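> next input, structure requested:
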Amino acid sequence: MGTKRAVPPQDKAKFFALVQAGHTIKDACAQAGVHYNTGSRWVKKAKVLATARAEAEFKGSRGAGAGGRQALEFQLSMDAADLPSAIPHELLCEEAKRGLEDFEFFRKHYLGRVPSPWQVEAAYKLIELLESEEKEFVVLNVPPGAGKSTLFHDVAVWAICRNRRIRVMIGSVSQNMAKLYSRRIRETLERVQPIQPDPQMVTKGIAVNAEGCLSIDYGRFKPTDKGALWRAEEFVVEQLDGNGLDNKEPTVRAYGIESEFIGHRADLCLFDDVASPDNARESVARDKLLERWDNVAEARCDPGGLLAVVGQRLGSGDLYAHCLAKETYDIEDDISYDGSDVETPEDVQEGQPVRQKKYRHIIYKAYYEELDTGKESRSFKALPYPEGPLLDPKRLPWKDLSFIRYSKPDVFNVVYQQEDLDLDSRLIDRTWMTGGKGMDGVEYPGCIDNDRQPGYIPEGLAHPWISIVAVDPSPTMFWAFVWIIYQPDTGLYHIVDVDRVKLTAEEVLGYDTATGTYSGLMDEWQERSVDMNYPISHWVVEINAAQRFLLAHDFVRKWQAMNRVNVVPHTTSRNKIDENLGVEALLPPLIRSGAMRFPSMRGNWKTLAALEELTKWTRDKKNGTDIVMALWMAVLNLPNLTQSKRPPRQWRPSWMLGN
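From the prediction side, this is the model:
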């Protein structure tokens, strides 16, 4: 009996590629130079394996114990032994060779991904940096739901297929999350059949059926040696020479950011979901994260390697902002220069080292307004960026994005548009007003009385209370008026009405000498407050306008006396930014706690205008802050105003008061 011929790996790979392309077993055997019986045995075993895998996964999903999973592992090990060993580049099939150069083809043919232009573009950028001679650092900011984790998985798999000796570190916010990412890479490499995604995803156009199998076209990745390292959190792939790696690091290793990975080094360090709302603001958690990142994570990248961290922006204090602020310095070659000819500040500047950003910044926004050509360009079937305005119309449809854009503009701008906004410098978070869980994870009560429209006062306000109006004037722009009823005992500020309108001084408060009657907004609001039994007792007006338009006229003083009200001049000056009495010191605590009560936002431009100004107010903003300034003027002056008196009660004997 003759010796059985060992089938070369490339012949076996060619056979399976032909079968997957639709050729018959007989035809595939003839073209690959394989005996028909051998080819038939391979196909039969593949079918048995598929049945065993499906049965084991079904039993595992029903909690049938370890039996199903053990049977699956056994079948996998048997199949791995029968797969071709690692195939050298020159012996790869044409599809495999193309896959190493064409990432879009690689993802669609082997991973079943629908082409996603931004992911393809990002992958090429990352691989280019990985293959550069210098150590590279990258921040990749992408909106949630766009497939950033899938991109990192695909890039890691692609990098391993291109170079089996690469060492990849997978990092995440926790060890369990990092382990899940690592396991996903391992399962992709050890599959023995093309990936078949959920049929519903295929129907929706989110995925396609893969045509090729990595372990067949590139040769097996799972070593056949029983003692080989092949665990969910770390594994070593089979090398082209059949030996293991000559260093202590595995091909892939998973670490949570809190894990001990001081001794591990890698060529490609991919950190996903490391930043979170809990560690993106000033806190002990953020300090610990940044310290660990600087002292441990960055040092794990070997010379010539790439460290990339991906995620959506969360605020000015997140990990991404910390990384993007880092700078490196290039020193001139002539280090013997002693600075003896420095005479001017310009000379000093020229002698300084050249600064460069340590991290490269790659940004993808959810929506590119400049590419928006109308409704059709935002449809579910529209072309994705860079042909259309949406990064991914299917994963991030306009229906979802538009809701976030208009209901939570700050969140949209930072988290979805990756704008480098300093949220900590903003006056308030929109959620403080509307209620719900904020970006910091805190549940806020909100400041909106949904059962009350502008001009209406909450029922049953008990004494004592103070009814005042604050006025932020402008002789050429908008005047802002805010009517507030303040209850000192409860600490609540009830916003009764708001107005923001262009007015002349006479339209604010006018007097007709012929008829002896008053007119203007101040007189209208004063009469209305009396009719509602909450008469305004003070008008707080910015001092320049008070002296120029109001207090300088006799008719205004008569109006005050007739209505028994005071006009209180307010001096803004530097008080606006005072750390104890400024806008940022007084308004945010009241809104955060829900103590400042606004009328409903439904069909109410007044509360919406106040919300818009409060969320966009900054120290340097000059226009569009009138309502904010009026609110602050009222809150600042209220402690100095006399409280309204409780109306007198007629004396009655105690026996008439009842219980």
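> quick one: the strands in the stretch 101-250 of the chain, in order.
Assigned by DSSP state E, counting those that start in this stretch, the stretch 101-250 of the chain shows strands spanning 136-141, 168-172, 234-235.
> could I get those as TSV with mean neighbour count?
Every residue, glycine included, has its C-beta placed from N, CA and C. Formatted as TSV, the strands of the stretch 101-250 of the chain follow (neighbours: other C-beta atoms under 10 Å):
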stretch	mean neighbour count
strand 136-141	22
strand 168-172	26
strand 234-235	21
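> wait, which of those strands is closest to Pro535?
Nearest to Pro535 among the strands of the stretch 101-250 of the chain is strand 136-141; the distance by C-beta to C-beta comes to 54.5 Å.
> so what secondary structure elements neighbour the closest one?
helix 117-130, strand 301-311, helix 319-324, strand 360-363 (3 or more C-beta pairs under 8 Å, 6 or more residues apart in numbering; DSSP states H and E).
> now the ones you listed as CSV including distance to Pro397?
Formatted as CSV, these follow (distance: least, C-beta to C-beta, whole Å):
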stretch, distance to Pro397
helix 117-130, 16
strand 301-311, 21
helix 319-324, 25
strand 360-363, 21
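> figure out which of these is closest to Arg602.
That would be strand 301-311 among the helices and strands packed on strand 136-141, by C-beta to C-beta, at 35.3 Å.
> what's the average pLDDT for the closest one?
Averaging pLDDT along strand 301-311 yields 91.
> just how off-centre is that strand within its chain?
The chain centre lies 21 Å from the centre of strand 301-311; the measure is C-alpha atoms, centre = their mean, to the nearest Å.
> surely Arg500 touches Asp472?
No: Arg500 is beyond contact range of Asp472, at 9.0 Å (criterion: C-beta atoms under 8 Å).
> give me the common contacts of the two.
Trp479, Ala480, Asp626, Ile627 (C-beta atoms under 8 Å, 6 or more residues apart in numbering).
> out of those residues, who's nearest Asn563?
So of the shared contacts of Arg500 and Asp472, ranked by how close each gets to Asn563 (C-beta to C-beta), first place is Trp479, at 19.5 Å.
> and that closest one, that's in a helix?
No: under DSSP: H, G, I helix; E, B strand; the rest coil, Trp479 sits outside any helix and is assigned strand.
> what count of nearby residues applies to it?
If you count neighbours by other C-beta atoms under 10 Å, Trp479 ends up with 23.
> I only care about the shared contacts of Arg500 and Asp472 that end up buried; give me the PyMOL line for that.
Those of the shared contacts of Arg500 and Asp472 that count as buried under 16 or more other C-beta atoms under 10 Å are selected in PyMOL with:
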select buried, resi 479+480+626+627
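> between the shared contacts of Arg500 and Asp472, which is closest to Gly171?
Using C-beta to C-beta, those come closest to Gly171 at Ile627, 45.5 Å.
> which residues touch whichever strand or helix holds the closest one?
Assessed by DSSP states H and E, Ile627 sits inside helix 626-637. Residues from elsewhere that reach helix 626-637 (C-beta under 8 Å, 6+ apart): 427, 468-472, 474, 477-482, 484, 486, 493, 495, 498, 500, 538, 540, 542, 568, 570, 572, 575-576, 581-583, 586-587, 590, 596, 609-610, 613-614, 617.
> quick revisit: so which of the strands of the stretch 101-250 of the chain gets nearest Gly205?
strand 136-141 (25.0 Å).
> and the closest one, C-alpha only, in PDB?
The C-alpha trace of strand 136-141 is given here as PDB (Å, rounded to 0.1, in the frame of the first residue of the first chain):
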ATOM      1  CA  GLU A 136       1.900  57.200  16.400                       C
ATOM      2  CA  PHE A 137      -1.000  58.300  18.600                       C
ATOM      3  CA  VAL A 138      -4.500  58.900  17.400                       C
ATOM      4  CA  VAL A 139      -7.900  60.100  18.700                       C
ATOM      5  CA  LEU A 140     -10.700  58.900  16.600                       C
ATOM      6  CA  ASN A 141     -14.000  60.700  17.400                       C
END
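> average pLDDT for it?
93.
> again, but for stretch 505-525
Averaging pLDDT residue by residue across stretch 505-525 gives 90.
> mind listing what's buried in it?
Those would be Ala505, Val508, Leu509, Gly510, Tyr511, Tyr518, Gly520, Leu521, Met522, Asp523, Trp525, for stretch 505-525 by 16+ other C-beta under 10 Å.
> not counting its own residues, what contacts that stretch?
By C-beta under 8 Å, 6+ apart, stretch 505-525 touches 469, 471, 473, 475, 479, 481, 483, 497, 499, 501, 503, 536, 539, 548-550, 553, 555-556, 559.
> taking the residues you listed, please make a ChimeraX selection of just the buried ones.
With 16+ other C-beta under 10 Å as the criterion, this ChimeraX line picks the buried residues out of the contacts of stretch 505-525:
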select :469,471,473,479,481,483,497,499,503,536,539,549,550,556,559
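> follow-up on the earlier one: quick one: closest of the strands of the stretch 101-250 of the chain to Glu190.
Smallest distance to Glu190 across these (C-beta to C-beta): 9.1 Å, for strand 234-235.
> which strands and helices sit next to the closest one?
Strand 234-235 packs on helix 175-190, strand 252-256, going by 3+ C-beta pairs under 8 Å, 6+ apart.
> ok, the buried residues of stretch 505-525 vs Leu461, which is closest?
Trp525 (17.7 Å).
> mind putting the helices and strands packed on strand 234-235 in JSON lines, distance to His153 and mean neighbour count included?
Putting the helices and strands packed on strand 234-235 into JSON lines (distance: least, C-beta to C-beta, whole Å; neighbours: other C-beta atoms under 10 Å) gives the following:
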{"stretch": "helix 175-190", "distance to His153": "6", "mean neighbour count": "19"}
{"stretch": "strand 252-256", "distance to His153": "11", "mean neighbour count": "25"}
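> can I get those in a markdown table with distance to Ala21 and mean pLDDT?
Shown next, in a markdown table, are those (distance: least, C-beta to C-beta, whole Å; pLDDT from 0 to 100):
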| stretch | distance to Ala21 | mean pLDDT |
| --- | --- | --- |
| helix 175-190 | 21 | 91 |
| strand 252-256 | 30 | 89 |
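> and the pLDDT at Glu327?
80.
> that one contacts Gln356, correct?
Yes: look at Glu327 against Gln356 with C-beta under 8 Å: they come within range, at 6.5 Å.
> tell me which stretches of the stretch 301-450 of the chain form strands.
Secondary structure of the stretch 301-450 of the chain (DSSP E, counting those that start in this stretch): strands at 301-311, 327-330, 354-357, 360-363, 436-437, 443-444, 448-449.
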